[in-house]
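**Q** What follows is a predicted protein model with its sequence.
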Amino acid sequence: MEIETDFLVIGSGIAGLSFALKAAEAGRVLVVTKRERKESATLYAQGGIASVLDAKDSFDEHVQDTLEAGGGLCHPEVVKLVVEGGPERIQELIGLGVRFTRRAGRQKEFDLGREGGHSRRRIVHAEDLTGREVERALLRACERNSRISFLEHHMAVDLITTEKVPGRRKAWRCLGAYVLDLKRGLIKTISAQVTLLATGGVGKVYLYTSNPDIATGDGAAMASRAGCTIANMEFIQFHPTCLYHPEAKSFLISEAVRGEGAVLKLKDGSPFMRNYHAQAELAPRDVVARAIDHEMKVRGDDHVLLDISHHSARFVRKRFPNIYQTCKQFGFDMSKEPIPVVPAAHYLCGGVLTDLFGATDLPGLYAVGETAATGLHGANRLASNSLLEALVFAHRASQQARKELRKAEARPALPAWDVGRAKDSDESVVVSHNWDEIRRTMWNYVGIVRTDKRLQRAKRRIAMIQEEIAQYYWDFLVTGDLLELRNLATVAGLIVQAAIARKESRGLHFNLDYPQPSDAWKRDTLIRKTS
Ligand code: FAD
Ligand code: SIN
């Protein structure tokens, strides 16, 4: 079955929906998304969106904070355009009906939050459920637009490039994607003039992650298979504070809690962050996560504590209603007692390399949001710059993609998906075992602190798993689980390859064999499949 559209958007988080709304001004948009449409990392974003919205703040300061967190690898021109694009994009969200929290008694002013690495209060938020509010408003606007349609429970399998069209000698280009209808188990061919990857992050490649289950690195894996350049995969951000509880699934405790003065303590109640950084709890995230990891390892502790109980219960409940309630469900009253926390994998700073308009090196293919490496984050993302980046780049990419649509040529007929010799599998246990092994390997050997020996060990294990998956992939009919496993194995391989290549420590990549940064490595790590 072949479906035609002008713009194919893969993913329905902040990046995909923001792009869809603007692209729809020029043509038909089809959004494919692998779960129900709201399910995304965006939905769970807590702290908010960083932007210069206070008269006392300045673009220069936000730029400086971003560069400092990024450890020398941010692209300054990208930082400038993202920071300066922020206020207009925030106003657009308000125009779509996003209700950001205002200051008590001063309804015209935003209640700006503070997070690590920021020299000022500049995080606009909707209580502690910013993502839910943004996703709600974007979805509502998209659903009201007659040019935008959705295919839920549809998972992109692979990009279709000119190489896949028999006899076609035209220049390398993206022509759409194969998409698996997860409910019916059949693969559809989608032909598009412009394709956007907005598939989010890779958190599920690690055993412990703040990310929802959709974060399996599908965008980076598909782009890599298609021959795109992938950048900076070694820079995986670990969020310092997720709730430590066997059933809490690494529930995030927003950095905004530390922004309101919460203190990190050892089990005996002593604070420790001043020993690591002058900004203590509000140091950049890489510093805080490493400090916690170190304290836990030297003491053999399974968690540290986060204490905001110096504030009144009224303040805590009002400022952090969702976090307060969730902790309560797990038996902790954060307004009265410290809560146990641990770091967990949170954000991919690298991804599919793009230019200043979100275009990848495969013509016709754009990447926006967490799946993209735009040059904004460098070696470590500044808190709450992710939603901001997605908004600014969705806007820029949509402008460029609309121009591209005007120049579009007649489309070729695309080959249908070839099932080959594949048959139904009765060994789904292989998928779950390999999935588990990848996540444990990455957590144990490619985590917050790395060594050459551990990275080599991970490389060997991931390579073996990749081989096994490849065989399984060609022999059996594809399922959502198998596709996600294949993508996880691909991104795990990319992360390990990039981490082995970087012979220094910088930002989020810390290798005990090379503990210092080196000017020789002050560059992006670029990987491109050669075969
Ligand atoms: P997502 O929102 O993750 O959306 C990806 C979409 O792609 C989903 O719809 C998914 O189903 C779909 N998809 C994936 N693969 C496929 C496929 N193969 N086929 C079809 N569909 C697919 N950042 C901030 O700036 N501020 C915050 O306060 C903040 N808080 C956070 C809190 C949590 C708990 C988490 C996990 C992250 C937080 N982040 C925050 C990071 C931020 O939320 C994400 O980086 C951002 O939402 C990513 O948006 P996105 O549109 O790129 O991807
Ligand atoms: C948080 O609320 O701590 C998450 C912010 C982010 O990831 O930018």
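**A** Yes, it's here. The shown structure was predicted, so the numbers you read here are calculated from the model rather than taken from an experiment. Numbers count the residues shown, from 1 in each chain. Ligands and ions are numbered 1, 2, ... in the order given.

**Q** Which other helices and strands does the longest strand along the chain contact?
**A** As assigned by DSSP state E, the longest strand anywhere in the chain is strand 186-197. Helices and strands touching strand 186-197, by 3 or more Cβ pairs under 8 Å, 6 or more residues apart in numbering; DSSP states H and E, are strand 2-10, helix 14-23, strand 29-32, strand 154-161, strand 174-181, helix 218-226, strand 365-367, helix 385-406. C-betas here are computed from N, CA, C, even on glycine.

**Q** since we're on the residue of the chain found nearest ligand 2, how many residues are nearby?
**A** Going by Cβ to the nearest ligand atom, ligand 2 is nearest to Gly47 of the chain, at 2.7 Å. Per other Cβ atoms under 10 Å, the neighbour tally for Gly47 reads 25.

**Q** returning to what we had before: and the helices and strands packed on strand 186-197, which is most packed in?
**A** Comparing these by mean neighbour count (mean count of other Cβ atoms under 10 Å), strand 365-367 ranks first with a mean of 30.

**Q** tell me, how many neighbours does Pro76 end up with?
**A** For Pro76, using other Cβ under 10 Å, the count is 13.

**Q** no wait, Arg457
**A** 16.

**Q** Could you do the one 4 residues further on as well?
**A** Look at Arg461: counted by other Cβ under 10 Å, it has 19 neighbours.

**Q** Mind telling me what element the nearest residue to it once chain neighbours are set aside is part of?
**A** Nearest in space to Arg461, with sequence neighbours left out and distances taken as Cβ to Cβ, 6 or more residues apart in numbering, is Thr441 at 4.9 Å. Using DSSP states H and E, Thr441 maps to helix 428-445.

**Q** Name the residues that touch that helix?
**A** When contacts are defined by Cβ atoms under 8 Å, 6 or more residues apart in numbering, helix 428-445 is touched by residues 204-208, 345, 454-455, 457-458, 461-462, 465, 468-469, 472, 479, 481-482, 484-485, 488-489, 492, 495.

**Q** In strands, which of those fall?
**A** Ala345.

**Q** what about burial for the contacts of helix 428-445, which qualify?
**A** 204-208, 345, 454-455, 457-458, 461-462, 465, 469, 472, 479, 482, 484-485, 488-489, 492, 495 (16 or more other Cβ atoms under 10 Å).

**Q** ok so, going back, which strands border the longest strand of the chain, and is each parallel or antiparallel?
**A** Strand 186-197 pairs in its sheet with strand 2-10 (parallel), strand 174-181 (antiparallel), strand 365-367 (parallel), by DSSP bridges.

**Q** related to what we said a few turns ago, arrange the helices and strands packed on strand 186-197 in a markdown table, one row each, with distance to ligand 1 and mean pLDDT as further columns.
**A** Shown next, in a markdown table, are the helices and strands packed on strand 186-197 (distance: least, Cβ to the nearest ligand atom, whole Å; pLDDT from 0 to 100):
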| stretch | distance to ligand 1 | mean pLDDT |
| --- | --- | --- |
| strand 2-10 | 5 | 97 |
| helix 14-23 | 3 | 98 |
| strand 29-32 | 5 | 98 |
| strand 154-161 | 4 | 97 |
| strand 174-181 | 7 | 97 |
| helix 218-226 | 3 | 98 |
| strand 365-367 | 9 | 98 |
| helix 385-406 | 4 | 97 |
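
**Q** Can you add distance to Pro240 and give the ones you listed back as JSON lines?
**A** Converted to JSON lines, those look like this (distance: least, Cβ to Cβ, whole Å):
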{"stretch": "strand 2-10", "distance to Pro240": "31"}
{"stretch": "helix 14-23", "distance to Pro240": "23"}
{"stretch": "strand 29-32", "distance to Pro240": "34"}
{"stretch": "strand 154-161", "distance to Pro240": "32"}
{"stretch": "strand 174-181", "distance to Pro240": "36"}
{"stretch": "helix 218-226", "distance to Pro240": "24"}
{"stretch": "strand 365-367", "distance to Pro240": "28"}
{"stretch": "helix 385-406", "distance to Pro240": "16"}
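
**Q** Tell me which of the ones you listed sits nearest to Ser51.
**A** With Cβ to Cβ as the measure, helix 385-406 is the member of those nearest Ser51 (6.0 Å).

**Q** And ligand 2, is that closest one touching that?
**A** Yes - Helix 385-406 reaches ligand 2 (Cβ under 6 Å from any ligand atom) through Ser386.

**Q** Which elements pack onto that helix?
**A** With contacts taken as 3+ Cβ pairs under 8 Å, 6+ apart, helix 385-406 sits against strand 2-10, helix 14-23, strand 49-50, helix 76-95, helix 130-143, strand 186-197, strand 365-367.

**Q** What ranges in the stretch 351-500 of the chain fall below the confidence cut-off?
**A** Along the stretch 351-500 of the chain, the parts satisfying pLDDT under 70 run over 426-427.

**Q** residues in it within reach of ligand 2, list them.
**A** 383-384, 386.

**Q** Could I get these in TSV, plus columns for distance to Gly358?
**A** Putting these into TSV (distance: Cβ to Cβ, whole Å) gives the following:
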residue	distance to Gly358
Ala383	22
Ser384	20
Ser386	15
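
**Q** So which of those is the closest to Val446?
**A** For these, the nearest to Val446 is Ser386 (21.3 Å; Cβ to Cβ).

**Q** check contacts around that closest one.
**A** Per Cβ under 8 Å, 6+ apart, neighbours of Ser386: 45, 347, 369-370.

**Q** tell me which residues in stretch 135-143 are buried?
**A** 135-139, 141-142.

**Q** Pull the number of nearby residues for the closest residue to ligand 1 within the stretch 101-250 of the chain.
**A** Closest approach between the stretch 101-250 of the chain and ligand 1, counting by Cβ to the nearest ligand atom: Gly200, at 2.5 Å. Gly200 has 30 neighbouring residues, counting by other Cβ under 10 Å.

**Q** Secondary structure class of it, three-state.
**A** coil (DSSP: H, G, I helix; E, B strand; the rest coil).

**Q** Surely it touches Gly219?
**A** Yes - counting by Cβ atoms under 8 Å, Gly219 is a contact partner of Gly200 at 7.3 Å.

**Q** Overlap of the contact sets of those two?
**A** With Cβ under 8 Å, 6+ apart, Gly200 and Gly219 have common neighbours 11, 371.

**Q** Helix or strand: which one has Gly447?
**A** With DSSP H and E as the test, Gly447 turns up in no helix or strand.

**Q** show me the contacts for Leu129.
**A** 46, 321-322.

**Q** which of the residues you listed count as buried?
**A** The neighbour count (16+ other Cβ under 10 Å) marks Gln46 as buried among those.

**Q** Pull out whichever of the contacts of Leu129 are also neighbours of ligand 1.
**A** Of the contacts of Leu129, the ones that also sit near ligand 1 (Cβ under 6 Å from any ligand atom) are Gln46.

**Q** Which one of the helices and strands packed on strand 186-197 lies nearest to Gly378?
**A** helix 385-406 (10.6 Å).

**Q** Leu182: what's its closest spatial neighbour, skipping adjacent residues?
**A** His153 (4.5 Å).

**Q** what's the burial count for that neighbour?
**A** Using other Cβ under 10 Å, His153 has 16 other residues around it.

**Q** per-residue confidence for it?
**A** pLDDT for His153: 98.
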